[in-house]
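S.K.: Return atomic coordinates for the entry below.
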Amino acid sequence: MDVFKTQYDWIQRTRESLFDYCETLSPADYVKELENFGGDSVQSLHVHVANCYRVWLGNRALGKSLSKIEIESVNNVEKMREIFRGTDDLVYEFLKKFSGKWDETNKVDGRGEFTALWLFTHTITHEFHHKGQIVKIGRQLGYIPPDTDLIEPQ
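M.R.: Predicted coordinates:
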């Protein structure tokens, strides 16, 4: 069993649950910026998470030259799902490259050296941090979220 692939599969399940929830938001609420969240919106947090994967795993660990996703290019949940399908491909490429080499370090442009395990952990915990914020924004806009926590797989 590939533990990290299985772990990421679970992350995808929780992400899909979050996307289903986001589809219940009106289009205006999906992009609505909330002052008490530093001007962030559900849309901007989703883009931020995708960009984190692109920068840390794609550009820094895999040596790619991936451009930043601009928020204006993603204005609905279906487009965001499309972005994350690309993120999934990137993560699987990363997992394949570093399989069995989790202690291998990567120099990151003046920031130091990070192991592959740290890079993977950073990106997935970052996503879960912002998942909680997205749910909280939805609550503040009057939506009742489902349980988006990682629960035992079916």
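
S.K.: Wasn't residue 102 part of a strand?
M.R.: No: per DSSP: H, G, I helix; E, B strand; the rest coil, residue 102 lies outside any strand segment and is coil.

S.K.: That one contacts residue 119, doesn't it?
M.R.: No: Residue 102 is beyond contact range of residue 119, at 9.6 Å (criterion: C-beta atoms under 8 Å). For glycine as for every other residue, the C-beta is placed from the backbone atoms N, C-alpha and C.

S.K.: So for the lowest-mean-pLDDT helix or strand in the chain, what gets flagged as buried?
M.R.: Across the helices and strands of the chain, mean pLDDT, DSSP states H and E gives its lowest value to strand 105-108, namely a mean of 78. For strand 105-108, burial by neighbour count (16 or more other C-beta atoms under 10 Å) applies to 106, 108.

S.K.: That strand pairs with which strands?
M.R.: Under the criterion DSSP bridges, strand 105-108 sits next to strand 112-115 (antiparallel) in its sheet.

S.K.: quick revisit: which one of residue 102 and residue 119 has more residues nearby?
M.R.: Applying other C-beta atoms under 10 Å to residue 102 and residue 119 shows that residue 119 carries more neighbours, namely 23 against 14.

S.K.: Am I right that that one sits in a helix?
M.R.: Yes: under three-state DSSP, residue 119 sits within a helix.

S.K.: Near residue 139, how many residues? Count them for me, please.
M.R.: The local packing of residue 139 (other C-beta under 10 Å) involves 11 other residues.

S.K.: counting contacts, what elements does the helix or strand it falls within pack onto?
M.R.: Residue 139 belongs to helix 116-140 when assigned by DSSP states H and E. Helices and strands touching helix 116-140, by 3 or more C-beta pairs under 8 Å, 6 or more residues apart in numbering; DSSP states H and E, are helix 3-22, helix 42-53, helix 77-98.
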